[in-house]
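A.B. asks: Provided below for reference: sequence and predicted model.
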Amino acid sequence: MSAKSEAIEAAAEALIAARAEMEATPGSRTRAGVDRAFARLMALAAPRIRYFIRAHGLSDVAEDAEQACAIALHCAIGRYDPRRARFATYMAWPIRAELQALRQRLRGGQRGGSARAGVPFSLDALAGEGADGWLADPQAEAATERAAADRLADAAADRLVAAWSARRRLAPGARGSHRTDAHLAAEEALVRRHLLPVEAGPRLCESDRHIVRRALADIARHAAAG
């Protein structure tokens, strides 16, 4: 997923959370939170919205088209099911439906194309025809599992390195060592980078290799004992 798509996913989650908070505790504060979250989502979706507006030939009525897209995003958030698809994918359907309906109202379907061209359609109509099945992302489950596994591995690595660092600081003679907290922190960062290497990095100098080898051996020994 691209960084822009990830940002849209995060903004959609934030808006859903803000709406839930407003429903639980209505008030000006929670309403302002919803407005801010929606403004953030609209800002992130703006490039895609402009693309759809151009694709539907509505650049000359961009203000009306953007308002229609805002309505579409409101509807999309209300109906979104994260188990079916990513929001960045899902939101395209209600946006296209609103723009198609706007073009029909303004121009009566002048544009040619497929049999559906010029005919307004809604998300409900798409669902009734089974077209909402296109929104399912067959790779979503595998991608979610990979991300969850990576996060768990990172958390485990952080704990292992933190425990190793704590043992070093408590070791006999450590307090009298010439190594400062900055040195120890640098070594901790070095070991963490090499505990779960994603790709080959620059070749380590001999002293750094020695630190990493001893650290990994210590971590493995304590992990096995635990």
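C.D. replies: Sure, I can see it.
A.B. asks: for Y80, give me phi and psi.
C.D. replies: phi -70, psi 130 (degrees, to the nearest 10).
A.B. asks: so it sits against L15, correct?
C.D. replies: No - using CB atoms under 8 Å, Y80 is not in contact with L15, being 9.7 Å away. C-betas here are computed from N, CA, C, even on glycine.
A.B. asks: who has more neighbours, those two?
C.D. replies: Between Y80 and L15, L15 has the larger neighbour count (other CB atoms under 10 Å), namely 25 against 19.
A.B. asks: got the buried residues for stretch 65-80?
C.D. replies: Residues of stretch 65-80 classed as buried by neighbour count (16 or more other CB atoms under 10 Å): 65-66, 68-70, 72-73, 75-77, 80.
A.B. asks: pLDDT on that stretch, on average?
C.D. replies: For stretch 65-80, the mean pLDDT works out to 90.
A.B. asks: tell me the helix or strand right after the helix or strand of the chain with the lowest mean pLDDT.
C.D. replies: Across the helices and strands of the chain, mean pLDDT, DSSP states H and E gives its lowest value to helix 123-128, namely a mean of 54. Counting by DSSP states H and E, the element after helix 123-128 in chain order, helix or strand, is helix 140-170.
A.B. asks: against which helices or strands is that next one packed?
C.D. replies: The contact analysis (3 or more CB pairs under 8 Å, 6 or more residues apart in numbering; DSSP states H and E) places helix 140-170 against helix 181-195, helix 206-225.
A.B. asks: show me the domain layout of this protein.
C.D. replies: Annotated domains of the chain cover 3-137, 141-225 [automatic domain parsing].
A.B. asks: now do the SS call for L204.
C.D. replies: Under DSSP: H, G, I helix; E, B strand; the rest coil, L204 falls in the coil class.
A.B. asks: in a markdown table: the helices and strands packed on helix 140-170, plus mean neighbour count.
C.D. replies: Below are the helices and strands packed on helix 140-170 laid out as a markdown table (neighbours: other CB atoms under 10 Å):
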| stretch | mean neighbour count |
| --- | --- |
| helix 181-195 | 15 |
| helix 206-225 | 13 |
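A.B. asks: turn these into CSV, columns for distance to A32 and mean pLDDT.
C.D. replies: Shown next, in CSV, are these (distance: least, CB to CB, whole Å; pLDDT from 0 to 100):
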stretch, distance to A32, mean pLDDT
helix 181-195, 40, 80
helix 206-225, 48, 85
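A.B. asks: export the ones you listed to TSV and tack on distance to A153?
C.D. replies: Shown next, in TSV, are the helices and strands packed on helix 140-170 (distance: least, CB to CB, whole Å):
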stretch	distance to A153
helix 181-195	10
helix 206-225	13
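A.B. asks: those helices: which one's closest to D35?
C.D. replies: Closest of the helices and strands packed on helix 140-170 to D35 is helix 181-195, at 40.7 Å (criterion: CB to CB).
A.B. asks: by contact count, what packs against that closest one?
C.D. replies: If you count contacts as 3+ CB pairs under 8 Å, 6+ apart, helix 181-195 packs onto helix 140-170, helix 206-225.
A.B. asks: the shortest one to helix 181-195, inter-axis angle?
C.D. replies: Think helix 206-225. Interaxial angle, helix 206-225 versus helix 181-195 (axes from the mean of the first three to the mean of the last three CA atoms, to 10 degrees): 70 degrees.
A.B. asks: figure out how far helix 206-225 is from the centre of its chain.
C.D. replies: Distance of helix 206-225 from the chain centroid (CA atoms, centre = their mean, to the nearest Å) equals 35 Å.
A.B. asks: go on, the longest one?
C.D. replies: Here helix 140-170 is found 20 Å from its chain centre; the criterion is CA atoms, centre = their mean.
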